[in-house]
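Participant: after the sequence you'll find the predicted model.
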Amino acid sequence: MATGVDRKAASGTPRLRAPLLQRVWLHRVDYLYVAPALGVMLLVIAYPVYYTITLSFFKTSPSLAMADSAFVGFDNYATVLASDSFRDTTMNTAIWTFFSTLVSFALGFGAALALDREFVGRGVLRGLLLVPYVVSAVAASYVWRWIYHSDYGVIGALATALHLTDRPINFLDNTHTALASLIVVNIWKEFPFAMIMMLAGLQTVPEHLHRAAMVDGAGPWHRFWHVTAPHLRGVSVVTLLLMAVANLNSFTIPWIMTGGGPAGSSDIWITQVYQIAFGRVRFGLASAYSVILFAAMMALGVAYVRALGGAKSARAE
């Protein structure tokens with residue numbers, strides 16, 4: 001009996017040996033529906049990426065005119081990687097991303113476990129905990145700047161009033177505390193996202209498994225470790241990767257609150273790229289820096305796609 005593919009081939013569709021090409025040809029009309037979206041993506045994503053990579057091999061002029069630019073090969077990459085500022089900024093970026101992601105996830109997970117139980121006022125508490133996430137990052141940055149203010153800040157005033165310190169604490173103008181202060185703000189802003197994701201994951205844990213574990217005499221910790229945790233492994237990995245990507249590319253809070261200062265103590269990759277491009281007007285060097293950042297983001301993106309596929313497989317099982 002002739003298959004559907006054979007019938008299509010016999011009716012005039014050319015025979016294609018490669019299965020992938022064959023599937024593309026059979027669904028050629030379907031691709032017309034996504035062609036506009038693909039065109040927009042090529043225009044706003046693919047072309048800027050291509051232009052940035054091309055620009056990274058040139059020593060550019062402030063006008064960005066390629067006629068005034070000189071091809072320098074990998075010199076921009078060598079300049080970036082050999083600079084002391086890149087080493088210090090990479091360390092700041094690693095600290096910023098690691099602690100922002102890990103602590104935000106831990107707080108969000110704890111809040112999700114608390115909100116997964118039934119109690120009076122749970123809806124109100126859930127709404128209050130979502131406030132940091134829905135507040136604009138720009139507005140939050142300016143509010144926290146005033147909270148941290150060395151002369152008029154709330155934290156410094158309370159610490160002085162309670163006789164914890166002799167004078168208000170200098171959070172943002174101190175090279176030893178600036179980055180940690182920004183991480184606290186970022187954790188406050190991001191932990192609701194982890195809470196939402198983990199709360200959604202908790203809703204998928206089968207209740208009958210908890211009841212069966214209780215019948216077998218398992219305590220709360222054993223039920224969590226042997227029943228809840230395995231079901232949350234996929235969503236946990238996906239949440240951590242999403243937060244890591246967001247933190248690696250986070251610009252608003254560090255730039256508005258400190259601008260990378262003082263003395264570069266809170267500078268991370270994305271703020272350094274901005275300073276090189278628009279402060280020092282060295283677009284070729286900034287493009288090379290951006291490509292390095294893009295490579296790191298792509299690595300996390302590949303890990304995210306694989307984790308997402310693993311999470312779907314786990315749900316299917």
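Facilitator: Yes, it's here. This one's a predicted model, so the numbers in the text were calculated from it and none came from an experiment.

Participant: centre-most residue in this structure?
Facilitator: With distances taken as CA atoms, centre = their mean, the residue of the chain nearest its centroid is Ala246 (1.7 Å).

Participant: over to that residue. Which of the three states is it?
Facilitator: With DSSP: H, G, I helix; E, B strand; the rest coil as the basis, Ala246 sits in helix.

Participant: not counting sequence-adjacent ones, nearest residue to it?
Facilitator: Ranked by CB to CB, 6 or more residues apart in numbering and with sequence neighbours excluded, the top spatial neighbour of Ala246 is Glu190, at 7.3 Å. C-betas here are computed from N, CA, C, even on glycine.

Participant: report the contact partners of that neighbour.
Facilitator: Neighbouring residues of Glu190 by CB atoms under 8 Å, 6 or more residues apart in numbering: Ser100, Ser104, Gly108, Pro132, Tyr133, Met243, Ala246, Asn247.

Participant: and which of those residues is nearest Leu232?
Facilitator: Gly108 (12.1 Å; CB to CB).

Participant: how near is the closest one to Thr52?
Facilitator: From Gly108 across to Thr52, the span is 33 Å (CB to CB, to the nearest Å).

Participant: same question for His27.
Facilitator: Going from His27 to Thr52 by CB to CB gives 33 Å.

Participant: what about those two, which has more around it?
Facilitator: In terms of neighbours (other CB atoms under 10 Å), Thr52 is the more surrounded of His27 and Thr52; the figures are 16 against 9.

Participant: hang on, that one in a helix?
Facilitator: Yes. Assessed with three-state DSSP, Thr52 lies in a helix.

Participant: so who does the closest residue to it other than its chain neighbours touch?
Facilitator: Sequence neighbours aside, Ser287 is the residue nearest to Thr52 in space, at 4.8 Å (criterion: CB to CB, 6+ apart). Contact analysis of Ser287 by CB under 8 Å, 6+ apart lists Thr52, Ile53, Leu55, Ser56, Asn76, Ala277.

Participant: and these, which two are the farthest apart?
Facilitator: Farthest-apart pair in the contacts of Ser287 is Ile53 and Ala277; separation 14.9 Å (CB to CB).
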